[in-house]
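Colleague: Give me a model of this one.
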Amino acid sequence: MSLEQQLIERLQTLAPTHLEVVNESAGHGGYFPGKESHFKAVIVSEVFAGLRLVQRHQKVYAAAGDLLSPGKIHALAIHAFVPEEWKGQATPSPECAHAPKSS
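Modeller: The predicted model follows:
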């Protein structure tokens, strides 16, 4: 099973009303086809109600568990919302300084 699919399954434990996991590995240095190292997760869940941003991220890290260990997921951009905050807004990721340069 791919790292992406494993991450999706683990984040489902947060009972999201919306979950989007994007493999952003191709935009980072050292990329080769099939590499899974950089992801973005947009998660909307009542589990985050009353929590500060850092606490929301801690919940996501806990759910991802050992997928964030060396040799697996190198970076995870987290966008965590409660349903009242979520408006389908854009959640862009920053450019990687080591991204492959386009010609």
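Colleague: which secondary structure elements does the longest helix seen in the chain contact?
Modeller: Determined from DSSP state H, the single longest helix within the chain is helix 53-64. Contacts defined by 3 or more C-beta pairs under 8 Å, 6 or more residues apart in numbering; DSSP states H and E place helix 53-64 against helix 3-11, strand 75-81. All C-beta atoms are positioned from the backbone trio N, CA, C, and that covers glycine.
Colleague: Show me which positions of the strand or helix carrying E20 end up buried.
Modeller: Per DSSP states H and E: E20 is located in strand 18-23. In terms of neighbour count (16 or more other C-beta atoms under 10 Å), strand 18-23 has its buried residues at L19, V21, N23.
Colleague: Repeat that for stretch 78-95.
Modeller: I78, H79, A80, F81, V82, W86.
Colleague: doesn't the last one fall inside a strand?
Modeller: No: assigned with DSSP: H, G, I helix; E, B strand; the rest coil, W86 falls outside any strand and is coil.
Colleague: Quick check, it in contact with E46.
Modeller: No: shown here, W86 and E46 do not form a contact pair, counting by C-beta atoms under 8 Å, at 11.2 Å.
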